[in-house]
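Engineer: pasting a predicted model and its sequence here:
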There are 2 protein chains.
Amino acid sequence: MPDEDYLRLSFAKAREGVSRGQLPFGAAIVKGDEVISVTHNTIYTDGSIISHAETNAIVDACRKLRSLDLSSCTLYATCEPCPMCFGACVLANISRVVFSVRLADGFIPGFNILDITNRELKDLGNAGIEVTGDVLREEGLGLFREWRDHTQGGKANGAEI
Amino acid sequence: MPDEDYLRLSFAKAREGVSRGQLPFGAAIVKGDEVISVTHNTIYTDGSIISHAETNAIVDACRKLRSLDLSSCTLYATCEPCPMCFGACVLANISRVVFSVRLADGFIPGFNILDITNRELKDLGNAGIEVTGDVLREEGLGLFREWRDHTQGGKANGAEI
């Protein structure tokens, strides 16, 4: 399947998360033509600030593949992975990251995120991981608009969990 | 207690991890004078590449404090947090990071880590978090020597889990 189709799996999963009161972030991990994991952000249900869509997908893929090494896998994400998640992709040897909207587009008020792009991290950290952004950007921006309409602003770090 | 005493809690926890076949990394989260979490790296037992000492401590602290906001908390770590873990500290609003050895000192062959220091990430990402490194560095380096003697090299990503 083309990148766009895999990316749409992460969009659909993000919408599923929103319908359950989560933030509008989804991710999918694909190896060859096999979809390994499709996850959404679960910080509120997990009560953990690190349960992002991407870290959830990496943990799930490690367990399904019974390996800490996700070489040859591509991670698709509705939004450019935050520096925590991009660092996790590098640790897991993910080969390629494909995202829709940029970090700045997906900013949720009330959250504190290191303001560094994946490309800056890759260049500064001498990482071999391939990064492709702005795929289906208009659809991705639409997902965030839907979420804002749905939540009228949403929750943030300070929310009770 | 002074920083050195809290840092030694992370050293002791790292040694506990090593005795269970884990990597030599420990972390502690302290709020005021209350020790909230003391954890070690559990990537092999969890089968998850993201179960670092620091992420484990953050998840544990979020659950114990029933909050995604760890403002006013200090994270102590045997080794400078990797970029994934430093990104997690910023997401959690950790106020201060205190570490012993540097990322380069704690490098484990076979692992792929973005080669960017906490200070570079903080400066580039405009983060308010305070960073203090090289605390008890000789003791910290001793911990890594102990681990190397214990494991004669240890496991890495490729290890079966």
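Structural biologist: Great, that's in hand. Numbering: from 1, shown residues only, chains lettered A, B, ... in the order given.

Engineer: identify the single longest helix in chain A, thanks.
Structural biologist: helix A:3-19 (DSSP state H).

Engineer: stretch A:33-46 - what's its average pLDDT?
Structural biologist: In this model, stretch A:33-46 has an average pLDDT of 97.

Engineer: what's the answer for stretch A:96-106, then?
Structural biologist: Stretch A:96-106 shows an average pLDDT of 95 in the prediction.

Engineer: what is the end-to-end distance of that stretch?
Structural biologist: Using C-alpha to C-alpha, to the nearest Å, one end of stretch A:96-106 lies 20 Å from the other.

Engineer: low pLDDT regions in chain A?
Structural biologist: Scanning chain A with the threshold set as pLDDT under 70 gives A:152-161.

Engineer: 50 instead, please
Structural biologist: A:158-161 (pLDDT under 50).

Engineer: follow-up on the earlier one: is whichever helix or strand comes after the longest helix of chain A in proximity to chain B?
Structural biologist: Proceeding N to C from helix A:3-19, the next assigned helix or strand is strand A:26-31, under DSSP states H and E. No. For a cut-off given as C-beta under 8 Å from any C-beta of the partner chain, strand A:26-31 has no contacts with chain B; the smallest distance is 12.3 Å. (Each C-beta comes from the backbone N, C-alpha and C, glycine too.)

Engineer: for strand A:26-31, which strands pair with it and how are they oriented?
Structural biologist: Sheet pairing for strand A:26-31, assigned by DSSP bridges, gives strand A:34-40 (antiparallel), strand A:73-79 (antiparallel).

Engineer: mean neighbour count for those strands - can I get that in CSV?
Structural biologist: Listed next are these as CSV, based on neighbours: other C-beta atoms under 10 Å in any protein chain shown:
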stretch, mean neighbour count
strand A:34-40, 20
strand A:73-79, 28
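
Engineer: list the buried residues for the longest helix of chain A?
Structural biologist: A:Tyr6, A:Leu7, A:Arg8, A:Leu9, A:Ser10, A:Phe11, A:Lys13, A:Ala14, A:Arg15, A:Gly17, A:Val18 (16 or more other C-beta atoms under 10 Å in any protein chain shown).

Engineer: what's it packed up against?
Structural biologist: If contacts are counted by 3 or more C-beta pairs under 8 Å, 6 or more residues apart in numbering or on different chains; DSSP states H and E, helix A:3-19 sits against strand A:26-31, strand A:34-40, helix A:53-65, strand A:73-79, strand A:96-101, helix A:137-151.

Engineer: try 6 Å
Structural biologist: strand A:26-31, strand A:34-40, strand A:73-79, helix A:137-151 (3 or more C-beta pairs under 6 Å, 6 or more residues apart in numbering or on different chains; DSSP states H and E).

Engineer: wait, which of those is closest to B:Ser95?
Structural biologist: Nearest to B:Ser95, of all these, is strand A:73-79, at 26.4 Å by C-beta to C-beta.

Engineer: got the contact list for that closest one?
Structural biologist: Residues outside strand A:73-79 that contact it (C-beta atoms under 6 Å, 6 or more residues apart in numbering or on different chains) are A:6-7, A:10-11, A:14, A:25-31, A:54, A:89, A:94, A:96-101, A:106, A:140.

Engineer: quick one: residues contacting A:Phe86.
Structural biologist: A:Asn118, A:Leu121.

Engineer: quick check: which element contains it?
Structural biologist: Going by DSSP H and E, A:Phe86 is part of helix A:83-91.

Engineer: repeat for A:Ile116
Structural biologist: Counting by DSSP H and E, A:Ile116 is part of no helix or strand.

Engineer: which of the helices and strands packed on helix A:3-19 sits closest to B:Ile36?
Structural biologist: strand A:34-40 (27.4 Å).

Engineer: the closest one to helix A:53-65, inter-axis angle?
Structural biologist: Here strand A:34-40 runs at an angle of 140 degrees relative to helix A:53-65 (axes from the mean of the first three to the mean of the last three C-alpha atoms, to 10 degrees).
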